[in-house]
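# sequence and predicted structure are below.
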Amino acid sequence: MRVFGFAGWSGSGKTTLIEQVIPCLVKRGLVVSLVKHAHHTADFDLPGKDSYRHRRAGCREVLVTSATRWALMHELRGEPELGLEEALGKLAPCDLALVEGYKAYPIPKLEIWRGSVGKSLLHQKDANIVGIATDSLAALPPGTAQRLPVLRLLDIDAVATFVIANATDRPFAD
């Protein structure tokens with residue numbers, strides 16, 4: 001499994017870009033999975049549904065299966081949240097695991113930056129950012145393109161090629 005991450009401020013378009021890149025990667029014959037870290041308490045099943053009711057009643061795990069998909073929900077019940085290594089270990093074998101969030105982990109990442117969001121660039125404080133995708137080329141500080149590859153945010157094919165070329169085989173090797 002190769003791993004590649006996406007970093008950016010809220011509202012920069014990380015999820016949208018990933019959503020657009022995945023079909024391009026799949027068309028190239030890759031089996032793609034994703035790990036997304038949420039910074040808030042997230043409920044993935046809806047109040048009133050059986051899975052929600054069983055989980056709320058105290059089940060540690062609830063597996064829901066149907067003819068089209070299955071999902072496993074695991075309540076931590078005071079245990080520490082999963083690190084990226086553990087989260088990747090929960091995935092079925094795949095060619096490429098994309099990561100949204102887990103920004104402190106040492107994996108190669110593409111920074112998604114929009115000048116309109118009004119936030120600073122992240123790559124200056126994260127040596128694992130290996131490129132920038134932006135819709136604001138003219139707003140980048142001088143010299144940015146000399147330090148890192150800069151991609152047009154709407155050039156999905158170029159972003160997919162960049163992801164494949166920069167994914168790492170062993171993100172947590174000793």
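Yes, it's here. Numbers count the residues shown, from 1 in each chain.
# give me the most central residue, this structure.
With distances taken as C-alpha atoms, centre = their mean, the chain has E100 as the residue nearest its mean C-alpha position (2.0 Å).
# ignoring the adjacent residues along the chain, who's closest to it?
K36 (4.5 Å; C-beta to C-beta, 6 or more residues apart in numbering). In short, each C-beta sits where N, CA and C put it, glycine included.
# re earlier: how about the residue nearest to the centre of the chain, what does it touch?
G5, F6, K14, T15, I18, L34, V35, K36, H37 (C-beta atoms under 8 Å, 6 or more residues apart in numbering).
# state the helix or strand in which the nearest residue to K119 once chain neighbours are set aside lies.
Using C-beta to C-beta, 6+ apart and skipping the chain neighbours, the partner closest in space to K119 is W9 (4.2 Å). Of the helices and strands defined by DSSP states H and E, none includes W9.
# ok, W9 - contacts?
Shown in contact with W9 (C-beta under 8 Å, 6+ apart): W113, V117, K119, L122.
# in a strand, the third one, correct?
No - assigned with DSSP: H, G, I helix; E, B strand; the rest coil, K119 falls outside any strand and is coil.
# burial measure for it, as a count.
A count of neighbours around K119, defined by other C-beta atoms under 10 Å, yields 14.
# in PyMOL, select just the buried ones from the contacts of E100.
Provided next is the PyMOL selection string for whichever of those are buried by 16 or more other C-beta atoms under 10 Å:
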select buried, resi 5+6+14+18+35
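# and which of the contacts of E100 is nearest N166?
Among the contacts of E100, G5 lies closest to N166 (C-beta to C-beta), at 9.9 Å.
# now the closest one: how far from A165?
Per C-beta to C-beta, to the nearest Å, G5 is found 14 Å from A165.
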